[in-house]
Each structure stands twice: as structure tokens, then as C-alpha cells.
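J.: Mind folding the following:
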Amino acid sequence: REESVEDLCGTVLSDDVADNKYVIDIPEELKYVLINDWDLVVHQKQLFKVPAKVTVSNIIEQYIMHLASQDICPARRSVATEVIKGLGEYFNVSVGPQLLYGIEKLQYKEDCESAGAVQPVDIYGSAHLLRLMVKIGGYLSCSNYQEPNCKVIEEHIDDFLTYLDMNRSMFFTSKNYTPASPEYLAKCGSK
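T.: From the prediction side, this is the model:
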């Protein structure tokens, strides 16, 4: 049976947490980016090239420079900067166990774990960062942060997603993917 976009959104965008108090609203066009990412990796057996041309660290740095160019109060800019830097830390600890599809786990082991001191934010790119955005609501719901603090974080993440959406042609392209080799697929047990 042919799946509708709504069905695919439910599958791809699910963060598997039923009691999320915080919902991060992914912009519509970025939902399509996530679905395309899922299709490229899961069905077409393509891998996001690592190190990425534009890494998560690059994206975070660019966003912080964007914040500096905006006419917003310094306190708000400071909080936004800390939230976005915190996303980088969350990314580092969650990419391996929570953000990868099965076919990508060998790539992570080869390119991140075996490389020693390499941080995931320094080799992974936009698609993986976007996958984190789907999970953030669940992370906030499970955190020890006070609700007002979570609402502030949620607001800054929404602003960050708006930035990603406005710049999606710069960050999200299928040119970031390459077909997995038959040898790679054999090593990771994927067909």
C-alpha cells in the first residue's frame, strides 16, 4: 500500500515519547527534508557523507553569527547562544545511540568511535541535526529543568528551526549523500 505524506511524517518524525509536554514544531518544508533523508538512508541505502561539508559545529557557529547581526536585546541573544551551544552538546551524546538509522551505525563506529577525540558535531551535518530537533521535545519532557526554562529553550529552538528553514537550500541537499558500497552493506548486514 502507498503511504501518504502524513503517514510518513508520523513514522519518520516520531520521537517515541508518548507524554511529551514540549512539542517542537518542525516547519513543513523541513518535514519533507526529514522524509527525504529517511528515504535516502533507509530505502535507497545512501549514507550522509562524513565529514560533512557543513558540519553541525559550522551550522551552530553560523547561527550564533546570525544572532549577533540581529537587533535583539543582549540578554536574549546570550540565552539563545547558550541554548544553541547546548544543542551541540546534546548532539554529541545522542547521535550514536539515538539519531542514526541501522545502516549508519557502522559509519559512526568507523568515523567517530575509532577516531578517538573526534566530536560528532565536527563530522556530522544538517540531516542529523534535524533528526535531533524531532527528539528535543522528549528530552525536555524528561529533563529536570523547570517548566519556564523549558519554554524558553523551546522558543529558542523554534527560532533556530526557522533559521534552518529559511536557509534550507544552503544546509539540506541530496548531494550530501552517497550510495553505500556493497562491501559496506555486507559489513553492516544490510541488503
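
J.: What pLDDT is listed against residue 4?
T.: Listed pLDDT for residue 4 reads 52.

J.: Backbone dihedrals for residue 71, please?
T.: With angles defined as degrees, to the nearest 10, residue 71 sits at phi -90, psi 80.

J.: Could you report the distance from it to residue 118?
T.: From residue 71 across to residue 118, the span is 37 Å (C-beta to C-beta, to the nearest Å). (Glycine included, C-beta is placed from N, CA and C.)

J.: Looking at the two, which is more packed in?
T.: Taking other C-beta atoms under 10 Å, residue 71 and residue 118 do not tie; residue 118 has more neighbours (14 against 5).

J.: For that one, give me the pLDDT.
T.: So, for residue 118, pLDDT stands at 80.

J.: Specify the local secondary structure of it.
T.: Applying DSSP: H, G, I helix; E, B strand; the rest coil to residue 118 yields a three-state assignment of coil.

J.: what about the nearest residue to residue 68 once chain neighbours are set aside, how many neighbours?
T.: Spatially, and ignoring its direct neighbours in sequence, residue 68 is nearest to residue 77 (7.0 Å; C-beta to C-beta, 6 or more residues apart in numbering). Close neighbours of residue 77, defined as other C-beta under 10 Å, add up to 15.

J.: cool, residue 174 as well?
T.: 13.

J.: which residues sit in contact with it?
T.: Neighbouring residues of residue 174 by C-beta atoms under 8 Å, 6 or more residues apart in numbering: 36, 40.

J.: any idea how far it lies from residue 50?
T.: Per C-beta to C-beta, residue 174 is found 16 Å from residue 50.

J.: and the residue nearest to the spatial centre of the chain, what does it touch?
T.: Central residue of the chain (C-alpha atoms, centre = their mean): residue 129, 1.9 Å from the mean position. Neighbouring residues of residue 129 by C-beta under 8 Å, 6+ apart: 56, 59, 87, 91, 164.

J.: would you turn those into CSV with pLDDT and secondary structure?
T.: CSV is the format used below for the contacts of residue 129 (pLDDT from 0 to 100; DSSP: H, G, I helix; E, B strand; the rest coil):
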residue, pLDDT, secondary structure
56, 96, helix
59, 97, helix
87, 93, helix
91, 95, helix
164, 97, helix
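
J.: Can you lay out those as JSON lines showing neighbour count and distance to residue 28?
T.: Below are the contacts of residue 129 laid out as JSON lines (neighbours: other C-beta atoms under 10 Å; distance: C-beta to C-beta, whole Å):
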{"residue": "56", "neighbour count": "24", "distance to residue 28": "23"}
{"residue": "59", "neighbour count": "25", "distance to residue 28": "20"}
{"residue": "87", "neighbour count": "23", "distance to residue 28": "21"}
{"residue": "91", "neighbour count": "21", "distance to residue 28": "23"}
{"residue": "164", "neighbour count": "23", "distance to residue 28": "13"}
